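[1] using only what follows, build the 3D model:
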Amino acid sequence: MVWKLDRLGRDLRHLINTVHELTGRGVGLKVLTGHGAAIDTTTAAGKSVFGIFAALSEFERELISERTQAGLASARARGRKGGRPYKMTAAKLRLAMAAMGKPETKVSDLCQELGITRQTLYRHISPQGELRPDGMKLLSRT
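    Down below sits the predicted model:
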């Protein structure tokens, strides 16, 4: 038994090979929900319906992928970027540089105050408060 036909295989070829392999072992396939609901590959009609719905499932998955890629390309063309925003900003970087130059600064307190991790801090600034390549890149973006 499988919940949905598209959960069984990555693409049409993989799906058909999986069902063929199961049939070779004497195992039938029954789909519970989705486009292929009520498919039972132990019957001739079930095998026929399986082929049709397998092709439709692959087509639907490819269509969703194409639409997603087109949407991302459209957003990029409008100047939008995907992904999570950076925690370290130019303002935070300048504050951190000033604070790291002072010997009495506690790194854990500084990181907590800025809302960043220790790793993020040290990726942008050295322990002496000097800029590192990621810090230079951040300041050049603004």
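[2] quick one: residues contacting Arg141.
    Going by CB atoms under 8 Å, 6 or more residues apart in numbering, Arg141 touches Ala90. The way it works is simple: take the backbone N, C-alpha and C, and place the C-beta from them, glycine included.
[3] any idea how far it is from Glu130?
    19 Å (CB to CB, to the nearest Å).
[4] quick one: the strands in the protein?
    Here the chain has no strands by DSSP state E.
[5] which stretches in it count as helices?
    Counting by DSSP state H, the chain has helices at residues 12-24, 44-77, 90-100, 107-114, 118-124, 133-141.
[6] where does this protein dip in pLDDT?
    Residue ranges of the chain with pLDDT under 70: 3, 5-6, 33-38, 142.
[7] domain assignment for this structure?
    Domain segmentation of the chain under automatic domain parsing yields 5-77, 90-141.
[8] of these, which is nearest Gly83?
    Closest to Gly83 of the domains of the chain, according to CB to CB: domain 5-77, at 10.9 Å.
[9] how far does the closest one sit from its chain's centre?
    22 Å (CA atoms, centre = their mean, to the nearest Å).
[10] hang on, the earlier thing: the domains of the chain into TSV, with extra columns for distance to Gly83?
    TSV is the format used below for these (distance: least, CB to CB, whole Å):
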stretch	distance to Gly83
domain 5-77	11
domain 90-141	14
